[in-house]
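Colleague: from the sequence below, what's the structure:
(one chain, ligands or ions: 1)
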Amino acid sequence: MHLDAPGRLFCVATPIGNLGDITLRALETLRSVHTIACEDTRTTGRLLALLEIPRPRLVSYHDHNESRRVGQIVALLEQGNDVALVSDAGTPTISDPGYRVVSRCAEEGIEVIPIPGPCAAIAALCASGLPTDRFLFLGFPAKKGAKLQRFMAQALEPQRTAVVYLPMRRLQGFLEDVMGRAPETQVVVSRELTKAHEQLVRGTVGDVLTGIAEIPQKGECTLLLYNPES
Ligand code: SAM
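Modeller: All right, here's what the predicted structure looks like:
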């Protein structure tokens, strides 16, 4: 179908654990679009089934096929079809694929509409008790070398909260590194947010290093750091 007006790209946030966090606008949008571009069609297919949303066309969009898919998604939009962009969980493009298609739509004058909702970084920040007037989102740390050194220096810049997405298996080593550099750092480990085993461990980095010995070394973790030193 060719319409004069191009379609719209909706960036739709989906739950990070608790299905109840889906928003009314997300439901309405996922029900109405022609196509959903998603990281993993099986994961999104399961979500749609749980939400009892009839399955529209799903196209996979991930780090390995992004450049090819951008053109196909933009073509669908130019033909007048609305498309939703989702990731496996949370807000698309936030440490997740999607930036390139959004950027291309912006260049082409195609309307991009955010449908905000769950995001692990924001959920962790708001429950942390750390200052949130200024924060730095850093996403996943580099594994080693100069990039990791730069990452640590940024994470420990004084007087603003840093947000790090960290696999649980790296938590202890990462905190030991923080302890060696800035032992006054306040830390919040936010584990399994919105899920049955949600857990927040707060304290100085030394307290938290002791505390995490008690918690399972699995699940999703968002780490917040606040170095009070000026
Ligand atoms: N775009 C997503 C968002 O808006 O939250 C983040 C995607 S990123 C690939 C996945 C990382 O987010 C995980 O490795 C973890 O650090 C964090 N994360 C996702 N779900 C979480 C949860 N329920 N509790 C704590 N952290 C979570």
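
Colleague: quick check: residue 51 touching residue 28?
Modeller: No - using CB atoms under 8 Å, residue 51 is not in contact with residue 28, being 11.4 Å away. C-beta here means a position set from N, CA and C on the backbone, and glycine is covered the same way.

Colleague: whichever residue of the chain sits closest to the ligand: neighbouring residues, count only.
Modeller: Of the chain, the residue with the smallest distance to the ligand, taken as CB to the nearest ligand atom, is residue 90 at 2.4 Å. By other CB atoms under 10 Å, the residues close to residue 90 number 25.

Colleague: so which of residue 51 and residue 28 has more stuff around it?
Modeller: Higher neighbour count among residue 51 and residue 28: residue 51, with 15 against 12, using other CB under 10 Å.

Colleague: outline the domain layout of the protein.
Modeller: The chain is divided into the following domains under automatic domain parsing: 9-115, 120-226.

Colleague: make CSV from those domains and add mean pLDDT to it.
Modeller: Formatted as CSV, the domains of the chain follow (pLDDT from 0 to 100):
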stretch, mean pLDDT
domain 9-115, 97
domain 120-226, 96
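
Colleague: sorry, back to before: grab the nearest non-local neighbour of the residue of the chain closest to the ligand.
Modeller: Excluding the flanking residues, the one nearest residue 90 by CB to CB, 6 or more residues apart in numbering is residue 16, at 4.8 Å.

Colleague: give me the neighbour count for that neighbour.
Modeller: 21.

Colleague: can you name the residues bridging to residue 162?
Modeller: Judged by DSSP bridges, the bridge partners of residue 162 are residue 136, residue 225.

Colleague: same check on residue 204?
Modeller: residue 186.

Colleague: same check on residue 11?
Modeller: Beta-bridge partners of residue 11, as defined by DSSP bridges: residue 85, residue 114.

Colleague: what about it, how many neighbours?
Modeller: Residue 11, neighbours per other CB under 10 Å, totals 22.

Colleague: OK, contacts around it?
Modeller: Going by CB atoms under 8 Å, 6 or more residues apart in numbering, residue 11 touches 84, 85, 91, 92, 93, 98, 102, 112, 113, 114, 115.

Colleague: got JSON lines for those residues, with neighbour count too?
Modeller: Putting the contacts of residue 11 into JSON lines (neighbours: other CB atoms under 10 Å) gives the following:
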{"residue": "84", "neighbour count": "27"}
{"residue": "85", "neighbour count": "26"}
{"residue": "91", "neighbour count": "24"}
{"residue": "92", "neighbour count": "28"}
{"residue": "93", "neighbour count": "17"}
{"residue": "98", "neighbour count": "21"}
{"residue": "102", "neighbour count": "18"}
{"residue": "112", "neighbour count": "16"}
{"residue": "113", "neighbour count": "13"}
{"residue": "114", "neighbour count": "15"}
{"residue": "115", "neighbour count": "22"}
